[in-house]
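Engineer: After the sequence you'll find the predicted model.
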Amino acid sequence: MWKRVASFSSLISSKRSSTLNQSMQAAYAFKFFESFTTETPTQGKDGMFFKGKTPFITFVLGGPGSGKGTQCEKIVENFGFTHLSAGDLLRREIISNTEYGANILDTIKEGKIVPSEVTVKLIRKEMESSDNYKFLIDGFPRSEENRIAFERFTEADPDIVLFFDCPEEEMVKRVLNRNQGRVDDNIDTIRKRLKIFESLNLPVVNYYSKRGKLYTINAVGTADEIFEQVRPVFAAHEVDEMRSSRPFGPDAVHFRPFTLSPRQVHFSRRRSLFPPFDALCLAAVTRQALGRRWLDLVLSLFRWRISVCYLVFTKMLSMSKLRYRIKPVPPSVLFTLLTDSGNNIDRMSRCPIQDNRSDSSIFFEYGWNNLGSGSGPI
Ligand SMILES: Nc1ncnc2c1ncn2[C@@H]1O[C@H](COP(=O)(O)OP(=O)(O)O)[C@@H](O)[C@H]1O
Ligand SMILES: Nc1ccn([C@@H]2O[C@H](COP(=O)(O)OP(=O)(O)O)[C@@H](O)[C@H]2O)c(=O)n1
């Protein structure tokens, strides 16, 4: 995570840009605006832009001083996101003395928006070099132009859009008290930034609202109180993600590809083959319980899903008054259960919200450790 550090300030507020002569300024300006427009957008394909990862993207919107950065820190701590602040990335360009640094500095001083291609390129670079797949993109998109450029250059869409709604006077007060020595945290620039925010933010908010992705947070209160509004948004998505990566269950085929890792997508694709086999699977398990040894072979062919059915049915039958002769679970079945779906079962046993569907309650009841130690449901 890029920190908003006061050490930026001396460099940011330096007069470096004023030392550039007029012609150099013009050349820089030309390069600054032209270089990106001629670039061919990189395709956002798996294995290229995201190295095969499916990103989970959150845009964090809100006026200057609405508390975006403060809440992002809490989201990172609690939900393991990587925080990319557009403003911080731009300020880093200034202190790194890159060829566009001076132009970025001038734009920020004026409270204006840096050309989208510059910001998107910086964000994309950070995403590409990250090992994480969950990103909080803070202070972006600030305009429709920002939004469109992101779509064009990354071919990615946000999963969640948070909007911190804060009254203007509260924002002014907070920015003036921020005390990080930023060149734009003065009353004149704040007023300009607020004007620009008011005129450009609404279309972006409306766009995501129409698509059902917008979560508006009342940004008045203590940071902890505000986070209590933010937490459920991510908690709900986390559970959703766990459910969508479940290795079985009635809604197993309704997976959401953008929340799944390639391994999970692989599971999901395989999963879609399973419903037609369910009846066969259950019949096979029942007959196995009745003593048809040849069905052991069928069981081992269908791997973990049939293994789970086997475990459930043998447990049910052993508890029933019919007293069928129950065979022990074949080693091949236990092996596939332990190795193939281990990760998913482990994730479910850590799920904070109890799921009332029967398949996962089996694992809440017996737990992965019990299965692993051989003292589970059998
Ligand atoms: N809920 C809050 N109440 C009071 N001050 C806050 C609150 N949240 C953040 N701040 C303070 O307001 C200033 C701006 O917050 P920050 O997170 O940097 O906003 P943004 O990233 O939206 O510009 C910081 O000094 C921060 O400590
Ligand atoms: N998407 C963005 C984000 C920030 N910026 C610039 O960076 C400045 C600081 O943005 P920031 O997000 O760090 O600051 P706050 O608005 O959160 O206080 C903005 O006023 C813009 O000049 C931009 O041009 N485009």
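Structural biologist: Everything's here; your move. All values derive from a computational prediction rather than experimental measurement. Ligands and ions are numbered 1, 2, ... in the order given.
Engineer: what about whatever residue of the stretch 101-250 of the chain ends up closest to ligand 1, which helix or strand?
Structural biologist: The stretch 101-250 of the chain approaches ligand 1 most closely through Arg174 (3.3 Å), counting by CB to the nearest ligand atom. Glycine gets a C-beta too; all of them are placed from N, C-alpha and C. Element membership for Arg174, per DSSP states H and E: helix 168-178.
Engineer: Check Arg142 too.
Structural biologist: Arg142 belongs to no helix or strand, assigned by DSSP H and E.
Engineer: Can you report how many residues lie near the residue lying closest to it once chain neighbours are set aside?
Structural biologist: Of all residues not flanking Arg142 in the chain, Ile113 sits nearest, at 5.5 Å (CB to CB, 6 or more residues apart in numbering). Residues within reach of Ile113, counting by other CB atoms under 10 Å, total 19.
Engineer: Repeat that for Asn179.
Structural biologist: When neighbours are counted by other CB under 10 Å, Asn179 registers 10.
Engineer: And for Arg174?
Structural biologist: Arg174 has 19 neighbours, counted by other CB under 10 Å.
Engineer: how close does it get to Glu168?
Structural biologist: Taking CB to CB, to the nearest Å as the criterion, Arg174 is separated from Glu168 by 11 Å.
Engineer: ok, is the helix or strand hosting Thr107 in contact with ligand 2 or not?
Structural biologist: Per DSSP H and E: Thr107 is located in helix 101-109. Yes - Helix 101-109 reaches ligand 2 (CB under 6 Å from any ligand atom) through 107-108.
Engineer: which other helices and strands contact whichever helix or strand comes after that helix?
Structural biologist: Moving toward the C-terminus from helix 101-109, the next helix or strand (DSSP H and E) is helix 116-128. If you count contacts as 3 or more CB pairs under 8 Å, 6 or more residues apart in numbering; DSSP states H and E, helix 116-128 packs onto helix 22-37, strand 82-85, helix 86-95, helix 144-154.
Engineer: Please repeat the previous calculation with a cut-off of 6 Å.
Structural biologist: If you count contacts as 3 or more CB pairs under 6 Å, 6 or more residues apart in numbering; DSSP states H and E, helix 116-128 packs onto helix 144-154.
Engineer: before we move on, back to that, just the CA trace of the helix holding Thr107, in PDB.
Structural biologist: The C-alpha trace of helix 101-109 is given here as PDB (Å, rounded to 0.1, in the frame of the first residue of the first chain):
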ATOM      1  CA  GLY A 101       6.200  14.700 -12.900                       C
ATOM      2  CA  ALA A 102       6.200  18.400 -13.500                       C
ATOM      3  CA  ASN A 103       3.000  18.300 -15.500                       C
ATOM      4  CA  ILE A 104       1.300  16.200 -12.800                       C
ATOM      5  CA  LEU A 105       2.400  18.600 -10.200                       C
ATOM      6  CA  ASP A 106       1.000  21.600 -12.000                       C
ATOM      7  CA  THR A 107      -2.300  19.800 -12.600                       C
ATOM      8  CA  ILE A 108      -2.600  18.800  -8.900                       C
ATOM      9  CA  LYS A 109      -1.800  22.300  -7.700                       C
END
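Engineer: got the angle for it vs helix 86-95?
Structural biologist: Going by axes from the mean of the first three to the mean of the last three CA atoms, to 10 degrees, helix 101-109 is angled at 140 degrees with respect to helix 86-95.
Engineer: do helix 101-109 and ligand 1 meet?
Structural biologist: No - for a cut-off given as CB under 6 Å from any ligand atom, helix 101-109 has no contacts with ligand 1; the smallest distance is 12.7 Å.
Engineer: buried stuff in stretch 92-102?
Structural biologist: Residues of stretch 92-102 classed as buried: 92-95, 100-102 (neighbour count, 16 or more other CB atoms under 10 Å).
Engineer: Rank these by pLDDT and give me only the lowest.
Structural biologist: Lowest pLDDT of those: Tyr100, 88.
Engineer: Need phi/psi at that one.
Structural biologist: Backbone torsions for Tyr100, taken as degrees, to the nearest 10, come to phi -100, psi 0.
Engineer: Please identify the residues of the stretch 1-150 of the chain in proximity to ligand 1?
Structural biologist: Within reach of ligand 1 by CB under 6 Å from any ligand atom, the stretch 1-150 of the chain has these residues: 62, 64-70.
Engineer: Kindly give a single PyMOL line that selects the buried subset of these.
Structural biologist: A single PyMOL command is used to select the members of these judged buried by 16+ other CB under 10 Å:
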select buried, resi 62+64+65+66+67+68+69+70
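Engineer: And the furthest pair within the residues of the stretch 1-150 of the chain next to ligand 1?
Structural biologist: Within these, Pro64 and Thr70 form the most distant pair, 12.7 Å apart (CB to CB).
Engineer: intersection of neighbour lists for these two?
Structural biologist: Residues touching both Pro64 and Thr70 by CB atoms under 6 Å, 6 or more residues apart in numbering: none at all.
Engineer: For Leu162, what are phi and psi?
Structural biologist: According to degrees, to the nearest 10, Leu162 has phi -100, psi 140.
Engineer: Now do it: how many residues are near it, please.
Structural biologist: Using other CB under 10 Å: Leu162 sits among 26 other residues.
Engineer: and what of Leu89?
Structural biologist: Leu89: 23 neighbours (other CB under 10 Å).
Engineer: so who does it touch?
Structural biologist: Counted by CB under 6 Å, 6+ apart, Leu89 has contacts Leu122.
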